[in-house]
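Curious how this folds, go ahead:
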Amino acid sequence: MSSPKIALVVNPVSANGATAKRWPEVVDAFHDAGVEISHRFTEKPLHATTITRGYLQEGFDLIISVGGDGTANEVVNGFFSEGQLINRQAAAAFMSIGTGRDLGRTIGTPPTIPEAVQHILQSPVRPVDLGQVTFINNQGAEEIRYFINVAGLGLDGDTVARVNRTSKALGGFISFLWGTLVSLMLYKNKQMTITVDDVEICSEPVTVVVIGNGRYFGGGMCIAPGAIIDDGFFDIVILRGLSKPALLANLPKVYGGTHLNHPRITSLQGREITVASTGEALLDLDGEQPGRAPVTIELLPAAIYLKG
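Residues are numbered from 1 along each chain as shown. This is a model prediction of the structure:
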């Protein structure tokens, strides 16, 4: 991509308002790089999706999300309108300044703003996979959304819902660790039937099922250590009916990505996953909690261009 027309979609309240405070640093970094940018600030939930669609329709061909993983998810969804890409040649980039920074870890974006800007500007454009999710939203209607990093149901969804209700003033690691521990104490395993590529994998009490396009979720947990964002497969990790003591004992292993050898953990690859639940299994999409099971998740190979 030569001399792209660049637009930034900025969530000023992400990271408990830290993004707004650091915004002048972002502007300076692009100015120092000699790059002209346009930008708009989000004002409400899902506004980043609307802003992104507007920029793409105006002819911008590089959209940079500035904020957290939830902002990144909204920007990715803004590349689509009625199930179709608005501009197949446009690319996305992500400056992870939010609470979790899990997408930044997955794609290797540096944590400092000057380094992140240089990384984005100097990186080649490459196609990456997305997930398309059909689910029941929080208003009770069927909805389709997309994700770039990780989707999950069960304990994961409960944790994200709890963390997103807090101030996140203590940062991503502590916020998600606190949310995980509190949710773990209150959570009851859900009866789920999980099918991968038309093969029933399990029908039993499940603690959490994670569909990894990327590797990290929950503020630094390496839940799907083998996931590659452009390999044409999801890495699916199912924690089957773990007890609370077992979850606590294995939590450090999840941060290190060394948990997959546990006898109650199933890991496999696939391209289409369905999850049905007899209890309310909440859905997590890139750190947002938009709805619940039943869900169908389909891989969209090489669906969008990534720069960075």
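
Please work out how many residues are found near D156.
28 (other C-beta atoms under 10 Å). Bear in mind the C-beta positions are built from the backbone N, C-alpha and C, glycine included.

swap in R88?
10.

Could you report the pLDDT at it?
R88 is assigned 95 on the pLDDT scale.

does it belong to a helix or a strand, and which?
Under the criterion of DSSP states H and E, R88 resides outside all helices and strands.

Please tell me how far it sits from G78.
As judged by C-beta to C-beta, to the nearest Å, R88 and G78 stand 14 Å apart.

try S14
On the measure of C-beta to C-beta, S14 and G78 end up 16 Å apart.

Kindly report the same for P205.
P205 is 37 Å from G78, where distance means C-beta to C-beta.

Comparing the two, which residue is more hemmed in?
Between P205 and G78, G78 has the larger neighbour count (other C-beta under 10 Å), namely 25 against 16.

which phi and psi does the nearest residue to the more buried one once chain neighbours are set aside have?
Leaving aside its sequence neighbours, G78 sits nearest to T52 (C-beta to C-beta, 6 or more residues apart in numbering; 2.6 Å). With angles defined as degrees, to the nearest 10, T52 sits at phi -60, psi -50.

Quick check, T52 in contact with I63.
Yes. Using C-beta atoms under 8 Å, T52 makes contact with I63 at a distance of 5.4 Å.

Touching both of those two, which residues are there?
Common neighbours of T52 and I63, counting by C-beta atoms under 8 Å, 6 or more residues apart in numbering, are 9, 75, 78-79.

Taking those residues, tell me the two that lie furthest apart.
V9 and F79 (11.3 Å; C-beta to C-beta).

ok, the two, which is more surrounded?
V9 (28 against 24).

residue ranges with poor pLDDT in the stretch 201-308 of the chain?
For the stretch 201-308 of the chain, no stretch is flagged by pLDDT under 70.

shaky segments in the stretch 51-200 of the chain?
98-100, 161-181, 183-186.

show me where it has strands.
Counting by DSSP state E, counting those that start in this stretch, the stretch 51-200 of the chain has strands at residues 62-67, 80-81, 84-85, 91-96, 125-137, 142-147, 150-154, 190-196, 199-206.

farthest residue from the center of the chain?
Most distant from the centre of the chain: G34, at 30.6 Å, with distances by C-alpha atoms, centre = their mean.

Give me the distance between that one and R271.
Distance, G34 to R271, by C-beta to C-beta: 42 Å.

Over to G232?
From G232 to R271 the distance is 7 Å (C-beta to C-beta).

Mind listing the shared neighbours of these two?
L299.

okay, those two: which has more neighbours?
The neighbour comparison of G232 against R271 (other C-beta under 10 Å) goes to R271, with 16 against 12.

which phi and psi does P263 have?
phi -60, psi -20.

what does the domain assignment say about this structure?
Segmentation of the chain into domains, based on automatic domain parsing, reads 6-123, 130-301.

and of those, who's closest to K307?
Closest approach to K307 among those (C-beta to C-beta): domain 6-123, 4.5 Å.

first vs last residue of that closest one, how far apart are they?
In domain 6-123, first residue to last residue: 14 Å (C-alpha to C-alpha, to the nearest Å).

starting at the chain centroid, how far to that domain?
14 Å (C-alpha atoms, centre = their mean, to the nearest Å).

swap in stretch 202-215?
That offset, for stretch 202-215, works out to 15 Å (C-alpha atoms, centre = their mean).

Which parts of the stretch 1-150 of the chain are helices?
Secondary structure of the stretch 1-150 of the chain by DSSP state H, counting those that start in this stretch: the helices cover 18-32, 47-57, 69-78, 102-107, 113-122.

Look at A249 and say how many residues are nearby.
Neighbourhood size, A249 [other C-beta under 10 Å]: 12.

Report the buried residues of the helix or strand where it lies.
A249 belongs to helix 244-256 when assigned by DSSP H and E. Judged by neighbour count using 16 or more other C-beta atoms under 10 Å, the buried positions of helix 244-256 are 247, 250-251, 253-255.

now swap in stretch 294-308 and tell me
Neighbour count says stretch 294-308 has 294-297, 299-300, 303-308 buried, by 16+ other C-beta under 10 Å.
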